[in-house]
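# Sequence plus the predicted model coming up.
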Amino acid sequence: MRLKVTVRGAVQGVGFRPFVFRLAAGLGLTGWVNNSPQGVFIEAEGPRAALEQFRLRLETEKPPRSFIQSLEASWLDATGFKDFQIRASEPGGDRTALVLPDIATCPDCLREISDPKNRRHRYPFTNCTNCGPRFSIIEALPYDRVNTSMRSFTMCPQCQAEYDDPNDRRFHAQPNACPVCGPQIELWRGSVRENTVEQLPRSQERGHNALLAAAQAIREGKIVAVKGLGGFHLIVAAHDEPAVRRLRERKHREEKPFALMFPSPESVKTEGEVSPLEDRLLRSPEAPIVLLKKTANGKSQIANAVVPGNPNLGVMLPSNPLHHLLLAELGFPVVATSGNLSDEPICIDEHEALDRLRDIADIFLVHNRPIVRHVDDSIVRVMLDRELVLRRARGYAPLPIQLRSAECGVRKAVRENARPAQIPNSKTILAVGAHLKNSIALSVGNQVFLSQHIGDLETEQAHAAFRHVIADFEKLYAAKPQIIAADLHPDYLSTKFADEFTGSAGSPRPVTAGAQGIAHPARIGVQHHIAHILSCMAENEIEPPVMGVSWDGTGYGTDGTIWGCEFFLVTHESIKRVAHLRPFCLPGGGQAVKEPRRTALGLLHEIYGDTVFERKDLAPITAFSAAELDILKIMLARKLNAPMTSSAGRLFDAVASLVNLRQQIRFEGQAAMELEFALRGIETEAHYNLSLVTRHPLPVLDWSPMVEEILSDVKNGVPVAIISAKFHNTLVEEMVAVAKKSGQQCVMLSGGCFQNRYLTERAVRRLRAEGFRPYWHQRVPPNDGGIALGQVVAAWRAKG
Ligand SMILES: [Zn+2]
Ligand SMILES: [Zn+2]
């Protein structure tokens, strides 16, 4: 395999390249390392185990004076290097154009804040050139203090001296600050919930006393809103069942899991199982939320309401001094969830927070350093022994993804041991992403800047944040988009934005074929599931031809129906849908997404017709009242508000309903998640019959035999774990069958369904066993958070 690594930070002029060379040579790896103004690039090839060693030891054995601010690694196909070389440094490349993400507090700064003799003892804004805020404080480039939200704080003579001294750790540390000259924390309280905004804030404590008072409130079961680096968190004690429940009620978040923040890596191990890679991720400069398996010793202190019915915990460590100090004071884990109401964007301004969070938080721990842009916590999960980013935000955004498609002669460049050239005259592309889990992307040259997670574009706030991020990126990168890529769904707010942007209301041109010229002003519509596949290809540096497996809940198809279980053949010339799930209807449309029982009814009605309404032995039927069934009967008979779909996500929902696991959901994807959880480590090779039948115009996967087999298993009392395993296995076997029919060796797995660990791991194993080369996501989310990248690639392909 080939491991591509980009290391950013204090890695130049500290012996980093010789170190990499020695480490690689010692492990018998081939490849190269070089320096560029944007960091150290490494490509290493060899056996997987040796590469894993290499990657872990890069961090643990690095030269003493080096510091890693960001380490991006991707697993790619080998290209056949002969030896390991230190290549010449690359001149050029615009260093200033790179905005670093926020970096978790470094060990040196951590030592200082816990040292009573240090002038930064307990100072919550301690940072240095190796750590601290970046993306969340930068207003414009170049990255200088005057262009950050630290502008209004004038450095004291001591801080200024550090800043000016080339031998100091704070030489040109733009957010440099100390208790004398820097930002301060304050506690805002009183009867927040009764008072009007105008009467607030009433500051009562400042500095460390504010932190102590906040800690005390948490101990007493209060909900505390804490202004951090990229926005507010709502914090309660993780062991406090009533407090967690109160938070759920006030936040209108019924069952969706809450993330936890632990005081230390050691404390995590009492609640979760931590592999070496997961441990690395927790401690990394990116400091994301890592999904861990709960320890099964029955001694958990975590309240049940934190992650109801879920075998995993979302865990992070403190990533800034304020969180470190608070957690050290508490000594126990806390729930740390985004400071927002259900799915709105995270709150960043303290006055806005008082308004938006007044009905949720009891008190506010705030500070006077403005947050320039919202940055949520990132979420990652280890799958197939690799990192898989599920939400890309703090620590990751806005690092670029370099596009190296066939169009830029990549493979050739790699073969010839040269770095691919920049694309000449490439146009600037703005991709506006999907509707849920929205993020946007802006391409500058062959670099794609993928924005931080924005959220579901359902609320006014989210829509405002979406517009804000677009304007922000255009300004930050001084880029004027010449092409705008959007989803095909005519009603998406992102699509409407694209219409406005280009002044081209009306139907966009679908991209199903590349190499066609685009007239200006360029506006391009990209089919949702095609965007998923292109995103996966770009991230894995895969050239056509490939087969794409794009499975998720919802995406607008080129035929106007809802797609979601799609197979594509991608060649240089075109992208063709080659197979899909047999469509079924969703009684009630959007409501069916919230009620798996409706989807199940849709399937059952296709098989049994109206007789299904008499089947009181079926869980989905008994889940409805008689009156509801009467309405549904009419709805189905007249095909009223009953759109057709070929969605895999809905098929998961339907199965969850058939086995009576879940009839109504409280958050997106809940039924599918529970079907995965129901597996409980079961191992079976058995599967159902989901036949690939030839139909006009495309072959479809017919689910009806499988549904009947599932009903028979339910009737015979087969455990849900077995039914779930057989269902997952069935999907994988059909994927293999379509792959065989496609004649392609490379199979791309993308879409929200591939957040499911069992499905992804089994698909990869079975595809490999049958001689295919499966690829899945790593640093770009498989869910709709990765759509914008695929939209950029589609626009790129279309340019020819
Ligand atoms: Zn530091
Ligand atoms: Zn100072």
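All right, it came through fine. Ligands and ions are numbered 1, 2, ... in the order given.

# Any stretches of the stretch 251-400 of the chain with poor pLDDT?
342 (pLDDT under 70).

# Equivalent analysis for the stretch 51-200 of the chain, please.
Ranges of the stretch 51-200 of the chain meeting pLDDT under 70: 91-97, 190-200.

# which residues in it form strands?
With DSSP state E, counting those that start in this stretch as the criterion, the stretch 51-200 of the chain has strands at 67-76, 84-86, 185-188.

# Quick one: those strands as TSV, columns for mean neighbour count and distance to Leu27 too.
Heads up, the C-betas are built off the backbone N, CA and C, glycines and all. Formatted as TSV, those follow (neighbours: other Cβ atoms under 10 Å; distance: least, Cβ to Cβ, whole Å):
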stretch	mean neighbour count	distance to Leu27
strand 67-76	20	15
strand 84-86	18	9
strand 185-188	22	46
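
# Which one of those strands lies nearest to Lys726?
Nearest of the strands of the stretch 51-200 of the chain to Lys726, taken as Cβ to Cβ: strand 67-76 at 30.4 Å.

# Which strands border that closest one, and is each parallel or antiparallel?
Strand 67-76 pairs in its sheet with strand 2-10 (antiparallel), by DSSP bridges.

# quick revisit: could you dump the strands of the stretch 51-200 of the chain to JSON lines with distance to Val546?
Shown next, in JSON lines, are the strands of the stretch 51-200 of the chain (distance: least, Cβ to Cβ, whole Å):
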{"stretch": "strand 67-76", "distance to Val546": "14"}
{"stretch": "strand 84-86", "distance to Val546": "30"}
{"stretch": "strand 185-188", "distance to Val546": "52"}
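
# between those strands, which gets nearest to ligand 2?
Ligand 2 sits nearest to strand 185-188 of all these, at 15.8 Å, using Cβ to the ion.

# ok, back up a step: got the strands of the stretch 51-200 of the chain as TSV, with distance to ligand 1 columns?
Shown next, in TSV, are the strands of the stretch 51-200 of the chain (distance: least, Cβ to the ion, whole Å):
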stretch	distance to ligand 1
strand 67-76	8
strand 84-86	29
strand 185-188	19
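
# What residues does His529 make contact with?
His529 is in contact with Gly548, Ser550, Asp552, Gly555, Gly557, Trp563, Gly564, Glu566, Phe568, Gly751, counting by Cβ atoms under 8 Å, 6 or more residues apart in numbering.

# pLDDT of the one helix or strand it maps to, averaged?
Taking DSSP states H and E as the definition, one finds His529 inside helix 528-540. What helix 528-540 shows for mean pLDDT is 96.

# Going C-terminal from it, what's the next secondary structure element?
Where DSSP H and E defines the elements, the next helix or strand beyond helix 528-540 is strand 546-556.

# Also compute the angle for that following strand relative to helix 528-540, please.
Strand 546-556 and helix 528-540 meet at an angle of 140 degrees, taking axes from the mean of the first three to the mean of the last three Cα atoms, to 10 degrees as the criterion.

# name the helices or strands packed onto whichever helix or strand comes after strand 546-556?
For strand 546-556, the following helix or strand on the C-terminal side (DSSP H and E) is strand 562-570. Applying 3 or more Cβ pairs under 8 Å, 6 or more residues apart in numbering; DSSP states H and E, one finds that strand 562-570 makes contact with helix 528-540, strand 546-556, strand 575-581, strand 644-647, helix 648-658, helix 720-742.

# which phi and psi does Val380 have?
Backbone torsions of Val380, given as degrees, to the nearest 10, read phi -130, psi 160.

# List the contacts of the residue lying closest to it once chain neighbours are set aside.
Counting by Cβ to Cβ, 6 or more residues apart in numbering, Pro288 is the residue found nearest to Val380 once chain neighbours are left out, at 4.7 Å. Counting by Cβ under 8 Å, 6+ apart, Pro288 touches Leu281, Met316, Asp377, Ser378, Ile379, Val380, Val389, Arg394, Gly395, Tyr396.

# Show only the entries of these found in helices.
Among those, the ones falling in helices (DSSP state H) are Leu281.

# out of the contacts of Pro288, who's nearest Cys109?
Of all the contacts of Pro288, Cys109 sits closest to Gly395, with 16.4 Å by Cβ to Cβ.

# Surely Arg381 touches Arg757?
Yes - between Arg381 and Arg757 a contact is recorded at 7.3 Å, counting by Cβ atoms under 8 Å.

# out of the contacts of Pro288, which is most surrounded?
Highest neighbour count within the contacts of Pro288: Arg394, with 30 neighbours (other Cβ atoms under 10 Å).

# The residue nearest to that one when sequence neighbours are not counted in helix, strand or coil?
Using Cβ to Cβ, 6+ apart and skipping residues adjacent in sequence, the residue nearest Arg394 is Val375, 4.6 Å away. Classification of Val375 using DSSP: H, G, I helix; E, B strand; the rest coil returns coil.

# Let me know how buried Val375 is, in neighbour terms.
Neighbour count of Val375, defined by other Cβ under 10 Å: 28.

# hmm, back to that, looking at the contacts of His529, which is nearest ligand 1?
Set against ligand 1, the nearest of the contacts of His529 by Cβ to the ion is Gly751 (39.2 Å).

# The helices and strands packed on strand 562-570: which one's closest to Ser136?
Ser136 sits nearest to helix 528-540 of all the helices and strands packed on strand 562-570, at 24.9 Å, using Cβ to Cβ.

# gap between the closest residue to Met316 other than its chain neighbours and ligand 2?
Leaving out its chain neighbours, the residue that sits closest to Met316 by Cβ to Cβ, 6+ apart is Ile289, at 4.6 Å. In this structure, Ile289 and ligand 2 are 32 Å apart, going by Cβ to the ion, to the nearest Å.

# which residues pair with Ile289 across the strands?
Following DSSP bridges, Ile289 is listed with bridge partners Ile379.

# Quick check, it in contact with Leu313.
No - using Cβ under 8 Å, Ile289 is not in contact with Leu313; the gap is 9.4 Å.

# Adjacent strands (with direction) for the helix or strand containing Leu430?
Using DSSP H and E, Leu430 maps to strand 429-431. When pairing is defined by DSSP bridges, strand 429-431 lines up against strand 441-444 (antiparallel), strand 483-487 (parallel).
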